[in-house]
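Undergrad: Sequence first, then the predicted structure:
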Amino acid sequence: MYENLLVEKHERVAVLTINRPNKLNALNIATRNEILAALDALQSDAEVRVLVITGAGDKAFIAGADIGEFAGQTALSQREVMTQRRAFDAMEAFPKPVIAMINGFCLGGGLELALSCDIRVASEQAKLGQPEINLGVIPGGGGTQRLAHLVGEGKAMEMILTGEMITAAEAHALGLVNHVFAHAELREKTMALAARIAEKSPVALRMAKEAVKTAARSGLDEGLRREVDLFALCFASEDKEEGVRAFLEKRKPNFVGR
Ligand code: COA
């Protein structure tokens, strides 16, 4: 269905794989557009409660924007590309939880896409970095903002100014990835994490994600007000009734997403 993506579904978890292994899954414009189309389809697919995103092959998650497409671009044509609807922002705004399963090189736009996800897990073989400075440019897919927000200005500054890659263990120490798994166990452990999240109420997951995201985009007072509204909104769902009743009846809840 897609030229550069694979989409599989395993019960309530969808796996979206960037499938250009010969180019280390570099994000060309066509692939970024396909990601937007896939996110739209997955958003309206009620069977899908959690999304995992990864790269094809054993070597790379995503080795960045497709550098071949930079050649010959003018400032104006490049700006045009970057001011249309973007995969990075659509990933962050996707209303269901998204886990980046970082299976290898995670560079430039690849790290920026991972930063737009909710949770990052990495293979012990992964290497992460913002190497744009080596090309005479800077991160343009949100890296200067989202990386600094996640790991702090000083650490982000060092990664962006040196362009050097860090190991998965270093990324873990920075809080850039939540877990580092043995390469052979990456998929199994990631899918287990995704499945645990997928058991929760889709309504509450959506409200929780929106509330946490508000913190990054607003001051504390506005964030706390928004949290109260979203918390109260959960009380409009059947899932809240079911979750509370199941607890009181000492049984497992069955969440339906309403
Ligand atoms: N854009 C376009 N093509 C890319 C790419 C990118 N970001 N990253 C890798 N590729 C291509 C290579 O050109 C090569 O294609 P070819 O076989 O047709 O020549 C193929 O993927 C394999 O990459 P290669 O460089 O041979 O692998 P390697 O193991 O020697 O090096 C990297 C791996 C990740 C260190 C290296 O590919 C690299 O530095 N990539 C660019 C990373 C980058 O700067 N990203 C930010 C872009 S803004």
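TA: Alright, I've got the coordinates.
Undergrad: check contacts around the closest residue to residue 65 other than its chain neighbours.
TA: Closest residue in space to residue 65, ignoring its immediate chain neighbours: residue 109 at 4.1 Å, by Cβ to Cβ, 6 or more residues apart in numbering. Backbone N, C-alpha and C define where each C-beta goes, glycine included. Going by Cβ atoms under 8 Å, 6 or more residues apart in numbering, residue 109 touches 27, 62, 64, 65, 88, 141.
Undergrad: correct me, but the second one touches residue 27?
TA: It refers to residue 62. Yes: judged on Cβ atoms under 8 Å, residue 62 makes contact with residue 27 at a distance of 5.9 Å.
Undergrad: Next one: the residue nearest to residue 65 from the ligand, what distance?
TA: The span separating residue 109 from the ligand equals 6 Å under the rule Cβ to the nearest ligand atom, to the nearest Å.
Undergrad: and that residue, backbone torsions?
TA: Per-residue torsions, residue 109: phi -60, psi -20 (degrees, to the nearest 10).
Undergrad: And for residue 257?
TA: Main-chain torsions, residue 257, degrees, to the nearest 10: phi 90, psi 20.
Undergrad: For the stretch 101-250 of the chain, which residues are neighbours of the ligand?
TA: Applying Cβ under 6 Å from any ligand atom, one finds that the stretch 101-250 of the chain approaches the ligand through 105, 107, 108, 109, 131, 132, 135.
Undergrad: Could you give the bridge partners of the first one?
TA: Which is residue 105. Beta bridges link residue 105 to residue 60, residue 127 when assigned by DSSP bridges.
Undergrad: what about it, neighbour count?
TA: Counted by other Cβ atoms under 10 Å, the residues lying close to residue 105 total 25.
Undergrad: go on, the last one?
TA: In terms of burial, residue 135 registers 13 neighbours under the definition other Cβ under 10 Å.
Undergrad: and stretch 198-218, how far out from the chain's middle?
TA: 14 Å (Cα atoms, centre = their mean, to the nearest Å).
Undergrad: Buried by neighbour count: which residues of it qualify?
TA: Of all the residues in stretch 198-218, those buried under the rule 16 or more other Cβ atoms under 10 Å are 198, 200-211, 214.
Undergrad: Format those as JSON lines; extra columns: pLDDT.
TA: Output for the buried residues of stretch 198-218, formatted as JSON lines (pLDDT from 0 to 100):
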{"residue": "198", "pLDDT": "98"}
{"residue": "200", "pLDDT": "98"}
{"residue": "201", "pLDDT": "97"}
{"residue": "202", "pLDDT": "97"}
{"residue": "203", "pLDDT": "97"}
{"residue": "204", "pLDDT": "98"}
{"residue": "205", "pLDDT": "98"}
{"residue": "206", "pLDDT": "97"}
{"residue": "207", "pLDDT": "97"}
{"residue": "208", "pLDDT": "97"}
{"residue": "209", "pLDDT": "97"}
{"residue": "210", "pLDDT": "96"}
{"residue": "211", "pLDDT": "96"}
{"residue": "214", "pLDDT": "92"}
